[in-house]
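S.K.: I'd like to go over a predicted model; first the sequence, then the structure.
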Amino acid sequence: MSYQTIEFSAQGPVAHLTLNRPAKFNAFTGEMHTELRHALDTLQAAQGVWAAVRVLVLGAHGKGFCAGQDLADPEIAFKAGEPPPSLGAVVERNYAPLVERLTQLRVPTIAAVQGIAAGAGVSLALACDMVVAAEAASFMLPFAKIGLIPDTGASWAVPQRLGLARAMGLALTGHKLPAAKAAEWGLIWQCVPTDDLSQTVQDLAAQLSQLPTHAIVRTRQAMLAAHAHTLTQHLAFEGLLMHELGRSDDYIEGVTAFLEKRPARFNRT
């Protein structure tokens, strides 16, 4: 597929998926969603060069990470004399599948946020396993200002990370949350000097690429499921995952390397 709104490439164990509508602050369009789904499905299929990928870095070109939905996109644009298009249908067709693909991807994901993340742009970043943001970045939920609710998982993820009071305040006021404060509050993993963002993400991706990928993905699965379980249910769920992982080649290698006091060499196939 020839991409027009994103860039997608692999360099050894690290894949880079980059939003590429900088003039529009990388706002979502129907075309971008189609391309994102194709790229993520390609990575998930693990064929050819993509089979070696162990980490996905999600970034963006330009001054903004993602401004959310492009309100001029034909999928949602108003037409004279007609009711507005169904936003619920757009969420079901585009946004829900995007979040589900990211949160179920076979490799860990890192969002590199260099500028403003607004609306669904916040949700896109939070759908990744880790978020590293530049000091110049900020996060904003402006939905209420146009008569909507935080969607694309934002009304699920933000309260879990920040608590109800802070999440509600951000959603109702639409105020920008600077990256440093976002890290302090626990919305994101790390805020770094703007000039250090690329190297920090590169180093983190390299670190994750050396770890047992399947265990990382199962860790994500366990943490995302925890809120829906009672303690008893979750202990049982942990037991199922530990039963699986405890018989894996990666576990055997990890313990053997520890006992032999050498670096572990985890499976790369």
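M.R.: Nice, thanks for sending it over.
S.K.: Mind telling me what element the residue of the chain most remote from its centre is part of?
M.R.: Centroid-distance maximum for the chain: residue 81 at 38.1 Å, with C-alpha atoms, centre = their mean. For residue 81, there is no host helix or strand (DSSP states H and E).
S.K.: Show the pLDDT at residue 268.
M.R.: pLDDT, residue 268: 58.
S.K.: Now for residue 176: which residues touch it?
M.R.: Shown in contact with residue 176 (C-beta atoms under 8 Å, 6 or more residues apart in numbering): 116, 138, 139, 140. In short, each C-beta sits where N, CA and C put it, glycine included.
S.K.: What about it? Give its phi and psi, please.
M.R.: Per-residue torsions, residue 176: phi -70, psi 140 (degrees, to the nearest 10).
S.K.: Just the pLDDT at it, thanks.
M.R.: pLDDT recorded at residue 176 is 97.
S.K.: Same check on residue 76?
M.R.: 89.
S.K.: Checking my notes, it in a strand, right?
M.R.: No - Residue 76: not assigned to a strand; according to DSSP: H, G, I helix; E, B strand; the rest coil it is coil.
S.K.: Report the separation between it and residue 228.
M.R.: Counting by C-beta to C-beta, to the nearest Å, the gap from residue 76 to residue 228 is 31 Å.
S.K.: Looking at the two, which is more packed in?
M.R.: residue 76 (19 against 9; other C-beta atoms under 10 Å).
S.K.: pretty sure that one is touching residue 68, no?
M.R.: No - if you go by C-beta atoms under 8 Å, residue 76 and residue 68 don't touch, sitting 11.3 Å apart.
S.K.: Output the below-cut-off pLDDT ranges for this structure.
M.R.: Scanning the chain with the threshold set as pLDDT under 70 gives 268-269.
S.K.: So for it, the centremost residue is which one?
M.R.: residue 128 (2.1 Å).
S.K.: ok, and what's touching the helix or strand encompassing residue 202?
M.R.: Secondary structure assignment for residue 202, by DSSP H and E: helix 197-209. Residues outside helix 197-209 that contact it (C-beta under 8 Å, 6+ apart): 12-14, 54-55, 57, 59, 108, 110, 112, 114, 130, 132-134, 190, 192, 216.
S.K.: now the helices for the stretch 1-150 of the chain?
M.R.: Taking DSSP state H, counting those that start in this stretch as the test, the helices found in the stretch 1-150 of the chain are 30-45, 87-90, 96-103, 120-126.
S.K.: Take those and write them to JSON lines, including mean neighbour count.
M.R.: Output for these, formatted as JSON lines (neighbours: other C-beta atoms under 10 Å):
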{"stretch": "helix 30-45", "mean neighbour count": "18"}
{"stretch": "helix 87-90", "mean neighbour count": "13"}
{"stretch": "helix 96-103", "mean neighbour count": "18"}
{"stretch": "helix 120-126", "mean neighbour count": "28"}
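S.K.: wait, which of those is closest to residue 237?
M.R.: Among those, helix 96-103 comes nearest to residue 237, with 16.4 Å by C-beta to C-beta.
S.K.: Could you tell me which other helices and strands the closest one packs against?
M.R.: The contact analysis (3 or more C-beta pairs under 8 Å, 6 or more residues apart in numbering; DSSP states H and E) places helix 96-103 against helix 30-45, helix 120-126.
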